[in-house]
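K.L.:
Got a predicted structure plus its sequence, pasted below:
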Amino acid sequence: MEEFEREYWLEVELQHPKGWSIGAVGGSVTTGFFRIDSRTAIKLDLKWEKQMEEKRVRSKVQPVLVVNKFIEGYARKFRKKTEVYEKGSVEVCGHKAYFARWRNDTEVATVSWICNEENKVFLLNYYFEPGEEWEKVASWLIPGITCHTPESFWKYRLFGVNFKIPKDYKFFAGKLTIGRPVLIFKNKENTLVVHWCYFAKEFLSMYEDLLEWCKKEIPKEIYAAIGGFSPHRLKPDEAGKLAMVETERRGILGKSLRVKIVKIWHDTDSNRIFLTGYSGPQEGIEDLEELEKSIKFQLD
Amino acid sequence: MPFLKKKEMPPKISPERLYRSIPVITPGLEYEEDAKGIIRILVPVKSGTQTIRMAKIKLDGIGSRIWKKIDGKTSISEIVQWMKKEFIITEREAEISLSMFIKSLVDKKLVALILPPPKPGTPEVQEEIERIRFEIKELEKAYKKKKVDEKTYREIRERYEEAIKELEEKEM
């Protein structure tokens, strides 16, 4: 029997056979995209777009139109004839979805649905390899998709590291370097940063200690996201982590207190160095604490 | 630029076959290990056929430990499994880190890969035939430039052609 693993990325959860992994990501505050590859081929991509409020009221976007437009656009872009040979509907995470199976060089199943809870339009493409059957693929792919949850956070999972980001934060920028990713999330005023580095024990044996590692190895994206951060300001805190905590009063009467926090620690169990950061009003510090608590490593 | 001829690249080998391949240290290559286990590879720098000096390539701690696993018996997939446990990393992380490291060693001609025979009835057979044809072209180029003598050229070419014939016959 095929084994599956769950992927948590950009506000969507889905499952796929073990060994497949995220091959590309993209998106902004109002859009999301990711692609999943097997070892040898592109297997699926999923994109979503937040609908404008007025569109939601008028319900202008129809999944059937989204699918047809996508297939027509594909044919035009690659100047190839496409043949749609099956159409139908399925239920995705409680929403009625429309699907079409079509082919040109490869066989593709395109599925679209609207999630009213999140006010998003989704489009998913599954790329078949010879011998794969839609019925079999659909039986694990479709029930595994989660596009909305009652929780106040989104789960993320990348290279075995799981963490949670409050729902009001959006993916702002990132670098998915293998073993050393940087992920930056923002809401209106706050910034949350997550970074980790594998081979921690081996890297730390090359440097004198964690502080020396920080001086040389922290990616430049962290400095840009947490303005004013410098490894020279890091001091050990009571939990044994290296931390920089800076506060600044803002506003005419200096009533608004803004903080910048960066925490770095070596987790021996996962052999990783983790870095979390926060910049924003003091009231938002809880978001950083929740993020730190949620970080867990799970080997595949 | 149109007047620059694009270098012909060897045909791609499927990741699954690469995964089963066995890396070997280039025969004759020397290396030394210090007390901390750090490897220094001694690369001969040649002028014509004469070695004029030895260049040293120093690996880092992780690279040195992987280098010691390249024993001509252990396959890429076995090294990946060892890396997963040794460094507590995911399979994907191990695969990508190792393939980048091995590629850099292969590019510098410090390591070669022994490919497993192609699986009959799979695209690996055609892939192997194309790879051998590419090798024949490279051999022809070397012969024309008088880098190999006629006897060696004919012998190797014959062996390559036999290998292609054998693969094609098995597939029929």
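P.N.:
Cool, the structure landed.
K.L.:
Could you use CA atoms for every contact and neighbour count after this?
P.N.:
OK.
K.L.:
any chance you could map the strands in chain B?
P.N.:
Counting by DSSP state E, chain B has strands at residues B:22-25, B:30-33, B:39-47, B:50-58, B:111-114.
K.L.:
mind listing what residue 22 touches?
P.N.:
No chain in the question, so chain A it is. With C-alpha atoms under 8 Å, 6 or more residues apart in numbering or on different chains as the criterion, the residues that contact residue A:22 are A:34-37.
K.L.:
that's the wrong chain, I meant chain B
P.N.:
Here residue B:22 is in contact with B:72-76, B:113-116 (C-alpha under 8 Å, 6+ apart).
K.L.:
Who does it form a beta bridge with?
P.N.:
residue B:114 (DSSP bridges).
K.L.:
pLDDT at it, what is it?
P.N.:
With respect to pLDDT, residue B:22 scores 97.
K.L.:
For residue A:233, which non-adjacent residue is closest in space?
P.N.:
Distances taken as C-alpha to C-alpha, 6 or more residues apart in numbering or on different chains place residue A:244 nearest to residue A:233, at 5.8 Å, with adjacent residues excluded.
K.L.:
Next up, identify which helix or strand the one you found is on.
P.N.:
Secondary structure from DSSP states H and E places residue A:244 in strand A:242-250.
K.L.:
now the next helix-or-strand element following that strand: how far from the chain's centre is it?
P.N.:
Using DSSP H and E, the helix or strand that follows strand A:242-250 in sequence is strand A:256-267. Chain-centre distance of strand A:256-267: 22 Å, with C-alpha atoms, centre = their mean, to the nearest Å.
K.L.:
now check strand A:256-267, is it near chain B?
P.N.:
No. Shown here: strand A:256-267 not in contact with chain B (C-alpha under 8 Å from any C-alpha of the partner chain), separated by at least 11.4 Å.
K.L.:
For that strand, which strands pair with it and how are they oriented?
P.N.:
Applying DSSP bridges, one finds strand A:256-267 paired with strand A:242-250 (antiparallel), strand A:272-281 (antiparallel).
K.L.:
Show me which positions of the first one end up buried.
P.N.:
Of the residues in strand A:242-250, those buried by neighbour count under the rule 16 or more other C-alpha atoms under 10 Å in any protein chain shown are A:242-245.
K.L.:
what distance separates it from the middle of the whole chain?
P.N.:
Centre-to-centre, strand A:242-250 and its host chain are 28 Å apart (C-alpha atoms, centre = their mean).
K.L.:
what's the distance between residue A:64 and residue A:34?
P.N.:
From residue A:64 over to residue A:34 the distance is 22 Å, taken as C-alpha to C-alpha, to the nearest Å.
K.L.:
and of the contacts of residue B:22, the nearest to residue A:229?
P.N.:
residue B:76 (40.9 Å; C-alpha to C-alpha).
K.L.:
isn't that closest one right up against residue B:24?
P.N.:
No. Contact criterion C-alpha atoms under 8 Å: residue B:76 and residue B:24 do not qualify, at 10.5 Å.
K.L.:
more crowded one of these two?
P.N.:
Each of residue B:76 and residue B:24 has its neighbours counted (other C-alpha atoms under 10 Å in any protein chain shown); residue B:76 has more, 23 against 20.
K.L.:
which non-adjacent residue is nearest the more buried one?
P.N.:
Leaving aside its sequence neighbours, residue B:76 sits nearest to residue B:19 (C-alpha to C-alpha, 6+ apart; 5.2 Å).
K.L.:
Tell me how far the one you found lies from residue B:79.
P.N.:
With C-alpha to C-alpha as the criterion, residue B:19 and residue B:79 are 10 Å apart.
K.L.:
Please apply the same query to residue A:77.
P.N.:
According to C-alpha to C-alpha, residue A:77 and residue B:79 sit 42 Å apart.
K.L.:
between the two, which one's more packed in?
P.N.:
Ranked by neighbour count (other C-alpha under 10 Å), residue A:77 and residue B:79 place residue B:79 first, with 19 against 9.
K.L.:
OK, contacts around residue 153?
P.N.:
Just so you know, I chose chain A. A:164-167.
K.L.:
nope, chain B please
P.N.:
Going by C-alpha under 8 Å, 6+ apart, residue B:153 touches B:139-140, B:143.
K.L.:
And the pLDDT for it?
P.N.:
At residue B:153, the predicted lDDT confidence score is 94.
K.L.:
same question, residue A:69
P.N.:
According to the model, residue A:69 scores 94 on pLDDT.
K.L.:
same deal with residue A:9?
P.N.:
Taking residue A:9 on its own, its pLDDT is 89.
K.L.:
Going by residue numbers, what spans are helices in chain B?
P.N.:
B:15-20, B:61-67, B:76-87, B:91-107, B:123-144, B:150-171 (DSSP state H).
K.L.:
want to throw those into CSV with distance to residue A:249?
P.N.:
Output for the helices of chain B, formatted as CSV (distance: least, C-alpha to C-alpha, whole Å):
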stretch, distance to residue A:249
helix B:15-20, 56
helix B:61-67, 46
helix B:76-87, 44
helix B:91-107, 43
helix B:123-144, 66
helix B:150-171, 76
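K.L.:
ok so, going back, overlap in contacts of residue B:76 and residue B:24?
P.N.:
Joint contacts of residue B:76 and residue B:24 (C-alpha under 8 Å, 6+ apart) do not exist.
K.L.:
Thanks a lot, catch you later.
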